[in-house]
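Colleague: When you get a sec, could you give me coordinates for this:
(2 chains)
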Amino acid sequence: MKKEIPLAITFISGFLLIVALFVPHRPFGDLEQRFNDWYIIVAGFTLILGVDSLLAHHWKIIRRRQPGAFHSMALILSFIVTLVWGVWDGLKFGNPFDPASTFLRYFYTYVFVSLQATMFSLLAFFIASAAYRAFRARTSTATLLLVAAALVMLGNVPKGYLAIPPVVAITGLLLAFHFFREGQETAETTMRIVYWGTALVILVLLYPVIQFLYHNLPAVKDWIMNVPHLGAKRGILIGVALGAVAISLRIILGIERTYLR
Amino acid sequence: MSGMDLLFTWIAAGLTLAIFSFLYRDNPFYKFAEHIYVGSAAAYWFIYLWFFDVKPKLIDAWISNTGFERYILIVPAFLSFLMLLRFIPKVAWLSRWAIAFTVGMGAGLGITGAIQGYIVPQVKAGMLPLWTGQWGNSLNYIILVVSTVTTLVYFFFSKEHKGGLGFLAKVGIMFIMIAFGASFGSTIMARISLLIGRLYFLFHDWLHLV
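Modeller: Numbering: from 1, shown residues only, chains lettered A, B, ... in the order given. Okay, the predicted model is just below:
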């Protein structure tokens, strides 16, 4: 009983939505919108559980005077102040996000946006160190990733083409040097010729590549975004969607039951 | 600029600098700002969901509707009530009914959303002519089709990636890495524009230097 009813509810709610997709007439036609509204309402209440868990965790830290109690106090206080402020303005203006409300003008603009934007802008620094680590991987696929990333970044900034000659020249020379050294350290003559040949080809192509990228960087960036990036992204999206359909079917049919634990 | 604006500009600058202090190392100032962010964000989303979702769809709808449209709202209200029974251990199992509804809805929307929103439109957009009469266009279309197909092959794990399948998967990973690189580049640009925004706030709005 404790498991059968939830399984039946999951099956009926999921199955009716699929029926509504194929039978867009009454009584199924408006079912999708109605269920969607109910879903939003019920999911809204799940936030209460999440908030309870967050506050209970930090309240425990304060009560036991564990390390970080001061920060937990700051968290609970900031929660209470924001909640009271929002509810107060909500009652006063009908909505805390009313243009005249102080909640929108002061809390949202100066506190929430500042904290959120700064937190995400920190990633600019950490993403750069991630790029460095990817570059150290020294595999052909990691190189492809970095070349695409560098061209997209430089192609997105107004004077990005000015950085092309030094960046491509240094990268090309380092690559050529790398292949030359590999050739020197290889005992096999054929492989030595292949390595040295590659280094020579890189040196020969360096100038035309710099010329081409210098004059066509925005077009190259657009081509990367609109052709290989779009194609691979399309493949990933189709794969993800097929996976979502498979897991959703498992849930609706009651094969996947982990949410009942 | 009013006194309140000035006060909140200083608060915003303080919080911004506290978060940036993490670039040096983890420290109490960063931890303080981080906890303020978590607490205020939880309350913010609580208020947002109440005023934009629950209130208009449940309370306002109950007041404005009549007859069947009004009384059918008892169902989501009851399910929401069941969700809160998790706080009472003896009847906490009843909250599974509400969870089951949200999971079932998520699964149903997962299927319809994935089919309508991704699979059909993406497959339709991917069906391109391989020869258009122009070399440039045709080459681009061929690359588009090949990259989509080989990416899908790379994620096909039901058969070992050997021989022809292995070759296609190798081509697929190359296109995937180019796509990740392009997405990576775009993400960096987005983060850098956020960083420029915060630096502009500090130097323009707070210090009036630029």
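
Colleague: now the strands: where do they sit in the stretch 1-150 of chain A?
Modeller: Shown for the stretch 1-150 of chain A, no strands are assigned by DSSP state E, counting those that start in this stretch.

Colleague: how about the helices of it, start to end?
Modeller: With DSSP state H, counting those that start in this stretch, the ranges of helices along the stretch 1-150 of chain A come out as A:4-22, A:31-63, A:69-93, A:102, A:113-121, A:123-136, A:140-156.

Colleague: Dihedrals phi and psi, A:Gly29?
Modeller: For A:Gly29, the backbone dihedrals are phi -50, psi -50 (criterion: degrees, to the nearest 10).

Colleague: ok, it touching A:Ala20?
Modeller: Yes - applying Cβ atoms under 8 Å, one finds A:Gly29 in contact with A:Ala20, separated by 6.9 Å. Every C-beta, even on glycine, is put in place using the N, C-alpha and C of the backbone.

Colleague: Of the two, give the one with the bigger neighbour count.
Modeller: Counting neighbours by other Cβ atoms under 10 Å in any protein chain shown for A:Gly29 and for A:Ala20 shows that A:Ala20 has the greater number, 21 against 12.

Colleague: What separation is there between B:His118 and chain A?
Modeller: Small correction: residue B:118 is Tyr, not His. 4 Å (Cβ to the nearest Cβ, to the nearest Å).

Colleague: Surely that residue is in contact with A:Ile238?
Modeller: Yes - between B:Tyr118 and A:Ile238 there is a contact under Cβ under 8 Å: 6.7 Å.

Colleague: Rebuild the helices of the stretch 1-150 of chain A as CSV, extending it with mean pLDDT and distance to A:Ala163.
Modeller: Shown next, in CSV, are the helices of the stretch 1-150 of chain A (pLDDT from 0 to 100; distance: least, Cβ to Cβ, whole Å):
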stretch, mean pLDDT, distance to A:Ala163
helix A:4-22, 92, 50
helix A:31-63, 93, 45
helix A:69-93, 96, 42
helix A:102, 94, 45
helix A:113-121, 94, 22
helix A:123-136, 79, 15
helix A:140-156, 89, 6
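
Colleague: what would those helices look like in a markdown table with distance to A:Leu242?
Modeller: Listed next are the helices of the stretch 1-150 of chain A as a markdown table, based on distance: least, Cβ to Cβ, whole Å:
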| stretch | distance to A:Leu242 |
| --- | --- |
| helix A:4-22 | 16 |
| helix A:31-63 | 22 |
| helix A:69-93 | 41 |
| helix A:102 | 48 |
| helix A:113-121 | 31 |
| helix A:123-136 | 28 |
| helix A:140-156 | 24 |
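
Colleague: In space, not sequence, find me the middle residue of chain B.
Modeller: B:Thr187 (13.8 Å; Cα atoms, centre = their mean).

Colleague: Now the helix or strand harbouring that residue: buried residues?
Modeller: Assigned by DSSP states H and E, B:Thr187 falls within helix B:163-200. For helix B:163-200, a neighbour-count test (16 or more other Cβ atoms under 10 Å in any protein chain shown) marks B:168-169, B:171-189, B:191-192, B:194-195, B:198 as buried.

Colleague: which of the residues you listed are close to chain A?
Modeller: Counting by Cβ under 8 Å from any Cβ of the partner chain, B:172-189, B:191-192, B:194-195, B:198 from the buried residues of helix B:163-200 sit close to chain A.

Colleague: helices or strands up against the helix holding B:Thr187?
Modeller: helix A:113-121, helix A:123-136, helix A:140-156, helix A:189-226, helix A:228-252, helix B:135-154 (3 or more Cβ pairs under 8 Å, 6 or more residues apart in numbering or on different chains; DSSP states H and E).

Colleague: Quick one: residues contacting the spatially closest residue to A:Ala128 that is not a sequence neighbour.
Modeller: Of all residues beyond its chain neighbours, the one nearest A:Ala128 is B:Ile188 (7.4 Å), with distances taken as Cβ to Cβ, 6 or more residues apart in numbering or on different chains. Contact analysis of B:Ile188 by Cβ atoms under 8 Å, 6 or more residues apart in numbering or on different chains lists A:124, A:127-128, A:131, A:149, A:153.

Colleague: Next, format these as JSON lines and append neighbour count.
Modeller: Listed next are these as JSON lines, based on neighbours: other Cβ atoms under 10 Å in any protein chain shown:
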{"residue": "A:Ala124", "neighbour count": "18"}
{"residue": "A:Ile127", "neighbour count": "16"}
{"residue": "A:Ala128", "neighbour count": "12"}
{"residue": "A:Ala131", "neighbour count": "20"}
{"residue": "A:Ala149", "neighbour count": "25"}
{"residue": "A:Met153", "neighbour count": "22"}
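
Colleague: Among those, which pair sits farthest apart?
Modeller: A:Ala124 and A:Ala149 (13.4 Å; Cβ to Cβ).

Colleague: what about the nearest residue to A:Ile247 once chain neighbours are set aside, which SS state?
Modeller: Spatial nearest neighbour of A:Ile247, chain neighbours left out: A:Glu256 (6.7 Å); criterion: Cβ to Cβ, 6+ apart. At A:Glu256, secondary structure determined by DSSP: H, G, I helix; E, B strand; the rest coil is coil.

Colleague: picking that back up, now the helix holding B:Thr187: how far from the chain's centre is it?
Modeller: Centroid displacement of helix B:163-200 relative to its chain, using Cα atoms, centre = their mean, to the nearest Å, is 17 Å.

Colleague: average pLDDT for that helix?
Modeller: Taken as a whole, helix B:163-200 has a mean pLDDT of 93.

Colleague: ditto for stretch B:70-84
Modeller: 95.

Colleague: Show me which positions of it end up buried.
Modeller: Neighbour-count burial for stretch B:70-84 [16+ other Cβ under 10 Å]: B:73, B:76-77, B:79-80, B:82-84.

Colleague: If we only consider those residues, which is nearest to B:Gly113?
Modeller: B:Pro76 (20.2 Å).

Colleague: which element is B:Gly16 on?
Modeller: To be clear, residue B:16 is Thr; Gly isn't right here. helix B:3-20.

Colleague: From the contact counts, what lies against that helix?
Modeller: helix A:113-121, helix B:28-49.

Colleague: Measure how it sits relative to helix A:123-136, angle-wise.
Modeller: Relative orientation of helix B:3-20 versus helix A:123-136 (axes from the mean of the first three to the mean of the last three Cα atoms, to 10 degrees): 20 degrees.

Colleague: what's stretch A:181-189 in contact with?
Modeller: Counting by Cβ under 8 Å, 6+ apart, A:191-196, A:199 sit against stretch A:181-189.

Colleague: Repeat the analysis, applying 6 Å as the threshold.
Modeller: Under the criterion Cβ atoms under 6 Å, 6 or more residues apart in numbering or on different chains, residues A:192, A:195-196 lie in contact with stretch A:181-189.

Colleague: Kindly report the same for stretch B:199-210.
Modeller: Residues outside stretch B:199-210 that contact it (Cβ under 6 Å, 6+ apart) are B:9, B:13.

Colleague: That one spans what distance, first to last residue?
Modeller: Start and end residues of stretch B:199-210 are separated by 10 Å (Cα to Cα, to the nearest Å).

Colleague: And for stretch B:45-54?
Modeller: 12 Å.

Colleague: can you pull the buried residues of it?
Modeller: Buried residues in stretch B:45-54, defined by neighbour count with 16+ other Cβ under 10 Å: B:46-47, B:49-51, B:53-54.

Colleague: which residue of chain B sits farthest from its center?
Modeller: B:Gly133 (40.8 Å).
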